[in-house]
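Q: could you look at this predicted model? Sequence included:
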Amino acid sequence: MGLFGKFAEWLGFKKEAANVIVIGLDNSGKTSILNHLKNEDQKSLDIVPTVGFNVDKLKVNSLSITAFDMSGQGRYRTLWEQYYRDCHGVIFVVDSSDKLRMVVARDELEQMLSHPDICKRRVPILFFANKMDLRDAVSSVKVSSLMGLDSIKDNPWQICTSNALSGEGLHEGIDWLTGQMKDSLAQRRK
């Protein structure tokens with residue numbers, strides 16, 4: 001990178017690019033979270049279940065993010081691993097009101113963490129304990145326990161309570177993730 005490029009980056013004019021995969025079981029709120037993070041003119045009025053995957057572009061904290069919103073339906077979960085190699089971060093969305101399916105979410109998490117394209121790199125993982133506004137929702141501490149997050153040692157991770165409809169908790173989580181990805185991208189440039 002030349003002097004002008006470094007100067008532009010220092011001033012915040014140059015945007016770095018990162019790929020993020022957004023995963024979790026179906027109906028956990030992945031698409032709603034991404035919709036809330038979009039600019040007002042890009043937001044969808046109707047959120048429909050994702051079939052296969054969707055690609056969204058976001059700009060957060062001088063980072064240009066390509067988000068791959070992956071379907072959480074059982075028959076599509078095998079697609080997730082096709083995106084592990086090129087991802088710089090993972091957003092894993094958990095429906096905090098669906099205690100019965102957290103066992104399935106935990107199994108999917110363990111499969112992801114053991115995949116060669118994830119376990120050999122320090123990919124940051126942001127967990128959203130979503131749907132905190134619902135009556136049956138459990139705390140982020142309980143979600144962390146049910147998902148076994150304390151056993152994650154090789155990847156930086158953070159869990160945030162969230163409500164995809166109101167946006168509560170989303171920006172705090174995204175700020176953490178973009179900070180982690182920026183640090184990682186800076187290390188690669190050195």
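A: Looks like it arrived, so ask away.
Q: can you check the pLDDT for the most centrally placed residue in the chain?
A: Central residue of the chain (Cα atoms, centre = their mean): I91, 1.4 Å from the mean position. In this model, I91 is scored at 98, pLDDT.
Q: surely it is in a helix?
A: No: if the criterion is DSSP: H, G, I helix; E, B strand; the rest coil, then I91 is strand and not within a helix.
Q: now the nearest residue in space to it that is not next to it in sequence: which helix or strand?
A: Excluding its sequence neighbours, the residue lying closest to I91 (Cβ to Cβ, 6 or more residues apart in numbering) is V22, at 4.5 Å. The way it works is simple: take the backbone N, C-alpha and C, and place the C-beta from them, glycine included. Element membership for V22, per DSSP states H and E: strand 16-23.
Q: next: V55.
A: strand 53-60.
Q: that strand: what's the following helix or strand?
A: With secondary structure assigned by DSSP H and E, strand 53-60 is succeeded by strand 63-70.
Q: okay, the angle between that next one and strand 16-23?
A: Relative orientation of strand 63-70 versus strand 16-23 (axes from the mean of the first three to the mean of the last three Cα atoms, to 10 degrees): 20 degrees.
Q: which residues sit against strand 63-70?
A: 15-23, 30-31, 34, 50, 53-59, 76-77, 79-80, 83, 87, 91, 178, 181-182 (Cβ atoms under 8 Å, 6 or more residues apart in numbering).
Q: so which elements touch the strand holding V55?
A: For strand 53-60, the elements it packs on are helix 30-37, strand 63-70, helix 170-189, judged by 3 or more Cβ pairs under 8 Å, 6 or more residues apart in numbering; DSSP states H and E.
Q: closest to R122 out of the ones you listed?
A: helix 170-189 (7.1 Å; Cβ to Cβ).
Q: how about the closest one: buried residues?
A: L170, G173, I174, W176, L177, T178, Q180, M181, K182, S184 (16 or more other Cβ atoms under 10 Å).
Q: which residues sit against it?
A: With Cβ under 8 Å, 6+ apart as the test, helix 170-189 has contacts from 1, 16, 18, 20, 33, 36-37, 60-61, 63, 65, 88-89, 91, 122, 124, 126, 128, 156, 158, 160, 162, 164.
Q: at 7 Å what do you get?
A: The contact list for helix 170-189 (Cβ atoms under 7 Å, 6 or more residues apart in numbering) reads 16, 18, 33, 36-37, 60-61, 63, 88-89, 91, 124, 126, 128, 156, 158, 160, 162.
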